[in-house]
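Engineer: missing the sequence, but the structure's below:
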């Protein structure tokens with residue numbers, strides 16, 4: 001019998017696309033490519049770090065990978081997950097013939113789709129950061145691990161900062177190391193000029209021998225030396241050269257902004273670069289992006305236990321009080337495997353500090369704070385999938401039992 005030819009006419013394209021996106025062969029190719037991307041991403045973490053590997057391999061639609069010097073253009077995890085979602089929706093939900101015997105598989109596929117949708121929601125809408133508190137401190141502010149922003153704020157005569165003008169992290173990180181970017185704002189009496197942004201840098205005195213190899217401009221006896229970015233993005237300390245050009249004319253004010261001047265200890269205030277324009281004192285800082293949660297957390301007690309004879313932590317946990325206007329104060333415990341969940345936010349016991357602290361020193365507790373609208377979706381998707389598979393196995397068992405009885409009854413007939 002002659003093989004049936006494919007109708008490639010434009011009027012048949014919708015049917016061809018439907019056949020393509022519902023095919024089992026497409027699902028097989030997608031799963032093979034996902035396995036490859038997972039392998040590359042796992043190996044890539046060693047060289048590039050966890051965050052960079054996630055962005056390149058799993059959060060992208062496409063990426064390039066060099067194999068023996070030959071660049072390969074491969075689909076990223078985001079594209080593969082999207083294609084798998086479309087394939088499962090059209091093939092397993094829409095195209096499949098609806099029968100009571102297939103109810104279990106239909107339910108289980110719905111659970112799998114929920115898991116894929118949860119991954120997309122997490123990627124696009126989830127936020128994560130940290131909050132560090134000494135005993136007795138109260139806060140509702142969460143800071144980013146790796147996103148930095150430029151803040152400029154007027155200072156009172158007593159050095160108290162007023163409302164800050166913010167240049168957001170997304171725009172700041174887009175400034176290239178050899179780029180000059182001029183920023184004008186109606187709320188500032190000067191223009192801000194960023195002369196290159198280094199993702200990881202360190203200011204060094206011009207008297208240091210290594211300063212001779214740094215090509216950047218000298219400001220107040222220092223140069224900003226670029227450093228190789230750390231594999232772990234949280235460890236990078238960015239920096240940039242800035243100019244503040246008064247709009248009314250006059251000499252521009254130059255300075256070096258470096259994230260290392262930002263105090264990571266929650267008890268210490270940040271040290272801004274200060275300058276005066278039109279008799280008004282201003283401060284400028286590279287600070288971590290921050291946001292607030294709709295309630296406050298007070299650290300009442302931080303419990304830290306060390307292994308005998310060494311500085312390694314054996315256990316650390318926090319006694320906190322959650323403060324909220326609409327509810328009574330609530331005392332809670334946050335342990336390493338027992339987070340606090342409230343209002344869509346989850347507080348995990350993450351770390352402690354300061355580094356190098358000795359027995360008897362006062363220590364702060366650090367919480368990882370996550371806000372994920374799809375936080376419980378993986379759990380519910382697994383429950384739905386499990387229910388669907390259980391129903392499917394039960395239907396198959398009943399069907400097998402009925403067939404076996406009918407076969408025995410038939411064989412017993414004379």
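Structural biologist: Done, it's in. Quantities reported herein were computed from a predicted structural model and do not represent experimental measurements.
Engineer: now the strands for the stretch 151-300 of the chain?
Structural biologist: Assigned by DSSP state E, counting those that start in this stretch, the stretch 151-300 of the chain shows strands spanning 165-167, 180-183, 190-198, 201-205, 222-226, 239-246, 253-258, 273-277, 280-306.
Engineer: tabulate the ones you listed (TSV), appending mean neighbour count, mean pLDDT and distance to residue 32.
Structural biologist: For glycine as for every other residue, the C-beta is placed from the backbone atoms N, C-alpha and C. TSV is the format used below for the strands of the stretch 151-300 of the chain (neighbours: other C-beta atoms under 10 Å; pLDDT from 0 to 100; distance: least, C-beta to C-beta, whole Å):
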stretch	mean neighbour count	mean pLDDT	distance to residue 32
strand 165-167	17	95	44
strand 180-183	14	95	44
strand 190-198	20	94	40
strand 201-205	19	92	42
strand 222-226	20	92	41
strand 239-246	21	95	44
strand 253-258	20	94	47
strand 273-277	16	92	53
strand 280-306	17	92	38
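Engineer: right, and these - which one's nearest residue 77?
Structural biologist: strand 280-306 (24.9 Å; C-beta to C-beta).
Engineer: following element in sequence after the closest one, please.
Structural biologist: Using DSSP states H and E, the next helix or strand after strand 280-306 towards the C-terminus is strand 313-324.
Engineer: what's the single longest helix in the protein?
Structural biologist: helix 377-412 (DSSP state H).
Engineer: who does that helix touch, helix- and strand-wise?
Structural biologist: helix 103-125 (3 or more C-beta pairs under 8 Å, 6 or more residues apart in numbering; DSSP states H and E).
Engineer: could you give me the buried positions within the helix it packs on?
Structural biologist: 104-119, 122 (16 or more other C-beta atoms under 10 Å).
Engineer: can you put the strands of the stretch 151-300 of the chain in JSON lines and add distance to residue 24?
Structural biologist: Formatted as JSON lines, the strands of the stretch 151-300 of the chain follow (distance: least, C-beta to C-beta, whole Å):
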{"stretch": "strand 165-167", "distance to residue 24": "51"}
{"stretch": "strand 180-183", "distance to residue 24": "51"}
{"stretch": "strand 190-198", "distance to residue 24": "49"}
{"stretch": "strand 201-205", "distance to residue 24": "52"}
{"stretch": "strand 222-226", "distance to residue 24": "51"}
{"stretch": "strand 239-246", "distance to residue 24": "53"}
{"stretch": "strand 253-258", "distance to residue 24": "56"}
{"stretch": "strand 273-277", "distance to residue 24": "62"}
{"stretch": "strand 280-306", "distance to residue 24": "45"}
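Engineer: of those, which is nearest residue 324?
Structural biologist: Across the strands of the stretch 151-300 of the chain, closest to residue 324 is strand 280-306 (C-beta to C-beta), at 4.2 Å.
Engineer: which strands or helices does the closest one pack on?
Structural biologist: Checking 3+ C-beta pairs under 8 Å, 6+ apart, strand 280-306 ends up next to strand 127-133, strand 138-154, strand 239-246, strand 253-258, strand 273-277, strand 313-324, strand 345-353, strand 364-371.
Engineer: now do that strand against strand 364-371, angle only.
Structural biologist: Here strand 280-306 points in a direction 100 degrees away from that of strand 364-371 (axes from the mean of the first three to the mean of the last three C-alpha atoms, to 10 degrees).
Engineer: strand 280-306 pairs with which strands, parallel or anti?
Structural biologist: Sheet pairing here is set by DSSP bridges, and for strand 280-306 it gives strand 138-154 (antiparallel), strand 273-277 (antiparallel), strand 313-324 (antiparallel).
Engineer: and the last one, average pLDDT?
Structural biologist: Read it as strand 313-324. Mean pLDDT, strand 313-324: 90.
Engineer: next one: it to chain centre, how far?
Structural biologist: 24 Å (C-alpha atoms, centre = their mean, to the nearest Å).
Engineer: give me the contact list for that strand.
Structural biologist: Strand 313-324 has contacts (C-beta atoms under 8 Å, 6 or more residues apart in numbering) with 138, 294-307, 329-336, 340, 342, 349, 352, 365, 367.
Engineer: can you list the weak-confidence ranges in this protein?
Structural biologist: Within the chain, the segments meeting pLDDT under 70 span 1-4, 262-264, 309-311, 412-414.
Engineer: which residues sit against stretch 187-199?
Structural biologist: 150, 152, 165, 167, 172-173, 175-185, 216-217, 224, 226-227, 229, 236, 238-248, 252, 277-278, 280.
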